[in-house]
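> coords please:
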Amino acid sequence: MPIQAIEPQRLYRQIAEQLRQLMAEGEFAVGTRLPAERELASQLGVSRPSVREALIALEVEGVIEVRTGSGIYVRQPSESQPPPNPSSNTPADWGPLEVMSARLVIEAEVAALAARHASRTDRKAIRAAWQQMKQEAAAGQIPRWGDEAFHEAIASACGNSVLLDTVRRLWQARNGALFERLGDHFENPDSWQAAIEEHALVMQAIEAGDSPGARKAMQRHLRQAHKRYSASWRRAPAH
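Residues are numbered from 1 along each chain as shown. Below you'll find the model as predicted:
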């Protein structure tokens, strides 16, 4: 069966399903290396981020194995692994890089609003969350809880309960299995130090009541985060 182009409106799950079917039919046999991400994207007619999300989903399912510096290999699927539910559409099922793109649009404006509306209590909560990130990183932990608290504190300060709920749902996706696995590959002490510094600029703009500056700082942070998650597999840390 030849690789077929994916329609642009399809999500990463349709890409994963086609790759899964090709593996089941022997096009990609167990133990063989898959084509490079760029090649798969070209053959499937989709973007590289969409392919990456599909590969991460397949890795979470145990269908493929990523070997840093070597490639992505087909594994014998576990019989105990439940099949994915194609109709599921909870935040945990959202594609990580697609979520990052949505956050860029939404959270940049949330930060701008927070700079206008944040109370003294809000500003204290934002700074406390930033300090929590620093403490977690200093302890050798991935500062995810501080990170989430920081973004939620900004959303709480923006003065719009719908936007707060939206940011919370985006973070439900951030704590899902796909995002976790992506983080395992591309998050490291250097990337988190960079993120902490980016957060500091957002915080400083909000504390100064600088709405355009807060928007710009949040955009820069989320673009850099997307860039880190989109890095070459060869640059991912070895496990």
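> Tell me the helices and strands packed up against the longest helix that the chain contains.
Looking across the chain with DSSP state H, the single longest helix is helix 96-117. On a contact count with 3 or more C-beta pairs under 8 Å, 6 or more residues apart in numbering; DSSP states H and E, helix 96-117 meets helix 48-61, helix 144-157, helix 161-174, helix 177-186, helix 189-207, helix 211-229. Any C-beta I mention is one placed from the backbone N, CA and C, and that applies to glycine too.
> Next, work out how far apart the nearest residue to Gly140 once chain neighbours are set aside and Trp130 are.
Excluding its sequence neighbours, the residue lying closest to Gly140 (C-beta to C-beta, 6 or more residues apart in numbering) is Pro189, at 8.0 Å. Note on Pro189: its distance to Trp130, by C-beta to C-beta, to the nearest Å, is 17 Å.
> Please say which of those two ends up with more neighbours.
Trp130 (22 against 11; other C-beta atoms under 10 Å).
> just checking, the more buried one touches Ile196?
Yes - with contact defined as C-beta atoms under 8 Å, Trp130 reaches Ile196; the gap is 7.4 Å.
> list the contacts for the most centrally placed residue in the chain?
Residue closest to the mean C-alpha point of the chain, counted by C-alpha atoms, centre = their mean, is Pro96 at 3.7 Å. Neighbour list for Pro96: Glu53, Ile56, Ala173, Leu178, Phe179, Leu182, Tyr229 [criterion: C-beta atoms under 8 Å, 6 or more residues apart in numbering].
> what angle do the least confident helix or strand in the chain by mean pLDDT and helix 96-117 make?
Scoring the helices and strands of the chain by mean pLDDT, DSSP states H and E places helix 177-186 at the bottom, with a mean of 85. On the basis of axes from the mean of the first three to the mean of the last three C-alpha atoms, to 10 degrees, helix 177-186 is oriented at 90 degrees to helix 96-117.
> hang on, the earlier thing: next, format the contacts of Pro96 as a markdown table and append neighbour count.
A markdown table is the format used below for these (neighbours: other C-beta atoms under 10 Å):
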| residue | neighbour count |
| --- | --- |
| Glu53 | 26 |
| Ile56 | 26 |
| Ala173 | 21 |
| Leu178 | 22 |
| Phe179 | 24 |
| Leu182 | 25 |
| Tyr229 | 21 |
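> May I see those residues arranged in CSV, with distance to Lys124 as well?
Listed next are the contacts of Pro96 as CSV, based on distance: C-beta to C-beta, whole Å:
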residue, distance to Lys124
Glu53, 37
Ile56, 37
Ala173, 28
Leu178, 33
Phe179, 28
Leu182, 32
Tyr229, 31
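> sorry, back to before: among the helices and strands packed on helix 96-117, which is nearest Ser42?
Comparison of those against Ser42 by C-beta to C-beta identifies helix 48-61 as nearest, at 9.2 Å.
> From the contact counts, what lies against that closest one?
helix 12-24, helix 37-44, strand 64-67, helix 96-117, helix 177-186.
> looking at these, which is closest to Ala139?
Proximity to Ala139, assessed across the helices and strands packed on helix 48-61 by C-beta to C-beta, is greatest for helix 177-186 (17.2 Å).
> what comes up buried for that closest one?
Going by neighbour count (16 or more other C-beta atoms under 10 Å), the buried part of helix 177-186 is Leu178, Phe179, Glu180, Arg181, Leu182, Gly183, His185, Phe186.
> again, but for stretch 121-135
Those would be Asp122, Arg123, Ala125, Ile126, Arg127, Ala129, Trp130, Gln132, Met133, Lys134, for stretch 121-135 by 16+ other C-beta under 10 Å.
> All set, thanks.
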